[in-house]
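Asker: below are the sequence and a predicted model for it; my questions follow.
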Amino acid sequence: MAEKITAGHRGYLNPTNSVEAVNHGIPVSLMERMKRIVREFIQLPLEEKLKYEVQEQEGYGQAFIAAEDQNLDWVDRIFLNTLPTENRKMNLWPTKPVDFRETLDQYSIETQKLSNTVLCLLSENVGLKPDCFINMYGNIRQAMRFNYYPPCPRPDLVLGRTPHSDGGGLTVLLQDDETVGLQICKDGEWIPVQPIPGALVINIGDMLEVRSNGRYKSIEHRAVTNMDRDRISIAMFYGPDMDTEVGPAPELIDELHPCQYRRFICAEYMRHFFSDKFDGKTKIEFVKIKV
Ligand SMILES: O=C(O)CCC(=O)C(=O)O
Ligand SMILES: [Fe+2]
């Protein structure tokens, strides 16, 4: 049975599939602490932040610079592996503010529980055993990316986040209550995702699209900037570990639903995912079976 989500806070599922109020179980006070540690870290002097400067995509600063002429996203970010704990590169985990590490540790454990619960529900929803998607993950991997979008004098010229779909299974996104920035692409149109105080956004990533043999589609999304307001978002990416083999669940392949994706090792996909700049939902083509 899917674990019941009990605490009384609101959340909602990917708006392209269904918009549904559920209790996500993560204390709002912890969500507020996460936002605070991000804001406090961002306000530190640059030389302090550069102690955690990005190394092979992990750490503070711009990472995916694939071409000289690339328009860079209008964002300050940190990317850290969070689970399993042995994946953590502690030298890249800030020590200021003093409760940064402890808060992120707690939040990563709470969001893991939530991700498992949502995966169970999504699994049952397509007629599989609740733990089917989770078991297929082998070992799981969770990583955190926080985004700080400063006010931008020309929001018409630059995006906070280029259109993309997330590469992993599920993303739990905590966004600023005040400022709208996230947009999803639905039927070719960009639709703003209005923040709901206390709510989390769950995005489906490419690996879940593959595992569900296309029953779930990963969502193309982007973040826009604002002229006179800053914005933060905190994404917890949840998916298979690098050495896991990924492919559609055999139960979801039949005459009516032919296999749409080839099998691959997660690391192979992630290498492809980060090898070039983002340009919409394009990376998944790499594993699609062409008919
Ligand atoms: O800022 C947002 O709302 C989106 C962030 C995002 O898509 C990401 O970090 O992958
Ligand atoms: Fe994203």
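Answerer: Structure's in. What do you need? Ligands and ions are numbered 1, 2, ... in the order given.
Asker: all strands for the stretch 101-250 of the chain, in order.
Answerer: For the stretch 101-250 of the chain, the strands defined by DSSP state E, counting those that start in this stretch cover 140-149, 159-164, 170-175, 182-186, 189-192, 201-204, 221-224, 231-240, 245-246.
Asker: how about these in TSV, adding mean neighbour count and distance to ligand 1?
Answerer: C-beta here means a position set from N, CA and C on the backbone, and glycine is covered the same way. Shown next, in TSV, are those (neighbours: other CB atoms under 10 Å; distance: least, CB to the nearest ligand atom, whole Å):
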stretch	mean neighbour count	distance to ligand 1
strand 140-149	22	5
strand 159-164	20	5
strand 170-175	25	5
strand 182-186	18	3
strand 189-192	12	10
strand 201-204	24	7
strand 221-224	21	4
strand 231-240	25	3
strand 245-246	18	19
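Asker: turn those into JSON lines, columns for mean pLDDT and distance to residue 134.
Answerer: Shown next, in JSON lines, are these (pLDDT from 0 to 100; distance: least, CB to CB, whole Å):
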{"stretch": "strand 140-149", "mean pLDDT": "95", "distance to residue 134": "8"}
{"stretch": "strand 159-164", "mean pLDDT": "92", "distance to residue 134": "25"}
{"stretch": "strand 170-175", "mean pLDDT": "96", "distance to residue 134": "11"}
{"stretch": "strand 182-186", "mean pLDDT": "93", "distance to residue 134": "25"}
{"stretch": "strand 189-192", "mean pLDDT": "94", "distance to residue 134": "30"}
{"stretch": "strand 201-204", "mean pLDDT": "94", "distance to residue 134": "15"}
{"stretch": "strand 221-224", "mean pLDDT": "96", "distance to residue 134": "24"}
{"stretch": "strand 231-240", "mean pLDDT": "96", "distance to residue 134": "10"}
{"stretch": "strand 245-246", "mean pLDDT": "92", "distance to residue 134": "14"}
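Asker: so what's the spatially most central residue of the chain bridging to?
Answerer: With distances taken as CA atoms, centre = their mean, residue 171 lies nearest the centre of the chain, 3.4 Å away. Judged by DSSP bridges, the bridge partners of residue 171 are residue 203, residue 237.
Asker: do residue 149 as well
Answerer: residue 231.
Asker: that one contacts residue 232, correct?
Answerer: Yes - if you go by CB atoms under 8 Å, residue 149 and residue 232 touch, sitting 7.4 Å apart.
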